[in-house]
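for reference, the sequence and a predicted model appear below.
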Amino acid sequence: MKKLASLGMVLLSTLLVTAFVAHVNKDKPVPVPPSKQRTGDAVKGYDYLITGDYVKGGIPYKLFLMGMGKSTNHLGRKGLNAPLQYDYTAVKATNGEILAAPNCMQCHAQVFDGKLMVGLGNAGVDFTKGQRMNAKNIALLEAFVKGRSANEYEASLPFFTVTKAIAPYLHADVPGVNTADRLAALLVAHRDPVTFKWNPSPSLVIPQEVIPTDTPPWWLLKKKNAMFYNGFGRGDFGRFLMASNLLTVNDTAEARLVDNHMPDLLAYIYSIEAPRYPHAVDTVLAATGRTLFEKSCSGCHGNYGNNASYPNLLIPESIIGTDSALFKSNYSNPQFVSWFNKSWFTQGDHPASLQPYAGYIAPPLDGIWISAPYLHNGSVPNLEAMLNSKARPTYWSRNFAQPEYDYETIGWKFKEASKPVEGITYNTTKPGYGNYGHRFGDKLKPMERKAVIEYLKTL
């Protein structure tokens, strides 16, 4: 009984300390401590990224080429991968059939001004109901493959099984935003946390809301001590990088093979540098902007140049004031955090864990000129509006078929609308899509704002 009483006192003390720390820090930025990361070979990591079978399921290769046609070989790949678009990889199924499988560059690469930028978040991704890989089209494709070839159907069945289960619940309201958090929730709801075996029915309650995110550039990761917008990805980054493997993984033995490549993949990601702004910069104006930036912005976003530093600060909701739906979902739907923290990902000598936070991390700003739209949900179309909240449109749209970049305001050219149009207009009045908060630039005068933007072009 004494031991139980002592244990109870320890638990009570821990809870009181945790509550006290949370209270003390609720209105102050919280630094994120570093965690040890595995290192590897960047060259091998790049090769694994563009040719590896970390996603082992997909569409029959020949059928894929029939439907999609040959694509520009942006990656200079050879053999079976040469005719595929950059965000698919040829993989061999267990029965020997070749499949075209989606890869990481579905979200983490984008063609920008005719050049493929590996590591740039895909601002053209489409998760709307009208996308080609919607639930209806997947069902039609499965039926066609089943009637076409028994071997092809056997090879692609795991992919069809998973995509049929998740596709109906993976919709965003507008193109350009990512539903990665929703995808992760759907996948883990169907997988055993210890074995990764697929369950036909979800074992976790899946919330109704789909919260959008903007995919951050990979080149920022080298500066970060935690992953994701609220910094809740702690420990080994490789375990988070391999999450796409959950799409078609059979079991943890297969996951272990993918995990072995993660040190190389992380080494490659760490080697990526932010692209330089391609046009002339007013150096005098940029120097003024740098002074303003270092006075008002560097405390959260860090310093750049010869004395570069990044503080890795979590900014509480009371300070940042941005749309809270993303971080609040970790608290209103704790079943997913619990799944991860008792899963295979937390096992072994390089574990990872999720530690939710009521706010967002202030990101590094390297290459910010190319990473529009802005805020964690992509609700602000350009840097001008990012630094002037009054200039942020309530409803706006952009041309995804022929995207144009505005090198002055820094962001995608867009059209403001008087009312929302479903599937076309970004509607900032919807929960999770809000463009409010981060109003720190409002105090700048117009010329000061212009100077800061000119400086941000140099990062």
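That came through fine. It should be emphasised that the depicted structure is a prediction, and the values quoted were computed from it without experimental measurement. Numbers count the residues shown, from 1 in each chain.

same question for stretch 192-209: list its buried residues.
For stretch 192-209, the neighbour count (16 or more other Cβ atoms under 10 Å) marks 192-193, 196, 198, 202, 204, 206 as buried. Glycine gets a C-beta too; all of them are placed from N, C-alpha and C.

what's the spacing between Asn134 and Val284?
52 Å (Cβ to Cβ, to the nearest Å).

the two: who's more crowded?
Using other Cβ atoms under 10 Å, the more surrounded residue of Asn134 and Val284 is Asn134, with 18 against 10.

so the more buried one sits right up against Ala167, yeah?
Yes: judged on Cβ atoms under 8 Å, Asn134 makes contact with Ala167 at a distance of 6.2 Å.

give me the neighbour count for Tyr357.
23.

what sits against it?
30, 230-232, 314, 327 (Cβ atoms under 8 Å, 6 or more residues apart in numbering).

ok, so of the residues you listed, who is nearest Ala101?
Distance to Ala101, by Cβ to Cβ, is smallest for Phe232 among the contacts of Tyr357, at 28.5 Å.

and that closest one, what are its phi and psi?
phi -90, psi 0 (degrees, to the nearest 10).

residues near it, how many?
Phe232, neighbours per other Cβ under 10 Å, totals 20.

OK, contacts around the closest residue to Ile410 other than its chain neighbours?
Using Cβ to Cβ, 6 or more residues apart in numbering and skipping the chain neighbours, the partner closest in space to Ile410 is Leu383 (3.9 Å). Taking Cβ under 8 Å, 6+ apart, we find Leu383 in contact with 368-369, 372, 374, 409-411, 453, 456.

for those, give me TSV that also has pLDDT, neighbour count and distance to Val421.
Shown next, in TSV, are the contacts of Leu383 (pLDDT from 0 to 100; neighbours: other Cβ atoms under 10 Å; distance: Cβ to Cβ, whole Å):
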residue	pLDDT	neighbour count	distance to Val421
Ile368	98	22	29
Trp369	98	24	29
Ala372	97	24	21
Tyr374	98	22	22
Thr409	93	18	23
Ile410	96	25	26
Gly411	96	24	21
Ile453	98	25	30
Leu456	98	24	31
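
farthest-apart pair in those residues, please.
Ile368 and Thr409 (12.9 Å).

any stretches of the protein with poor pLDDT?
Scanning the chain for pLDDT under 70 picks out the ranges 1-26, 130-133.

which of the contacts of Tyr357 sits closest to Ile361?
Using Cβ to Cβ, those come closest to Ile361 at Gly231, 4.0 Å.

and the gap between the spatially closest residue to the closest one that is not a sequence neighbour and Ala385?
In space, Gly231 comes closest to Ile361 once its chain neighbours are excluded; the distance is 4.0 Å by Cβ to Cβ, 6+ apart. Relative to Ala385, Ile361 is positioned 21 Å away (Cβ to Cβ).

can you check Lys115 too?
For Lys115, the distance to Ala385 - Cβ to Cβ - is 26 Å.

more neighbours: which of the two?
Taking neighbours as other Cβ under 10 Å, Lys115 and Ala385 compare with Ala385 leading, 25 against 9.

that one belongs to a helix, doesn't it?
Yes: secondary structure of Ala385 (DSSP: H, G, I helix; E, B strand; the rest coil): part of a helix.

got the contact list for it?
So Ala385 contacts 374, 391-393, 409, 411 (Cβ under 8 Å, 6+ apart).

these in strands, which ones?
Per DSSP state E, strands hold the following members of the contacts of Ala385: Gly411.

now tabulate the contacts of Ala385 in JSON lines and tack on distance to Ser298.
As requested, these are exported to JSON lines (distance: Cβ to Cβ, whole Å):
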{"residue": "Tyr374", "distance to Ser298": "18"}
{"residue": "Ala391", "distance to Ser298": "23"}
{"residue": "Arg392", "distance to Ser298": "23"}
{"residue": "Pro393", "distance to Ser298": "28"}
{"residue": "Thr409", "distance to Ser298": "23"}
{"residue": "Gly411", "distance to Ser298": "22"}
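
of all the buried residues of stretch 192-209, which two lie farthest apart?
Phe196 and Ile206 (18.2 Å).

so where do the strands sit in the stretch 151-300 of the chain?
233-235 (DSSP state E, counting those that start in this stretch).

mind listing the helices for it?
Assigned by DSSP state H, counting those that start in this stretch, the stretch 151-300 of the chain shows helices spanning 180-189, 237-241, 252-259, 262-271, 283-296, 298-301.

tell me the centre residue of this protein?
The centroid of the chain falls nearest to Thr215 when counting by Cα atoms, centre = their mean (3.9 Å).

next, the contact list for it, please.
107-108, 121-123, 125, 178, 180.

which ones among those lie within helices?
Taking DSSP state H, the ones among those that sit in helices are Ala180.

neighbours around Leu365, how many?
There are 21 residues near Leu365, going by other Cβ under 10 Å.

for it, give its distance to Lys129.
34 Å.

on that earlier part again, of the contacts of Ala385, which is the nearest to Arg276?
Using Cβ to Cβ, the contacts of Ala385 come closest to Arg276 at Gly411, 17.5 Å.

quick check: the closest one touching Leu375?
No: taking contacts as Cβ under 8 Å, Gly411 lies outside contact range of Leu375: 11.8 Å.

circling back: possible to save the contacts of Tyr357 as a markdown table with distance to Val421?
Converted to a markdown table, the contacts of Tyr357 look like this (distance: Cβ to Cβ, whole Å):
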| residue | distance to Val421 |
| --- | --- |
| Val30 | 40 |
| Asn230 | 31 |
| Gly231 | 35 |
| Phe232 | 34 |
| Leu314 | 36 |
| Phe327 | 29 |
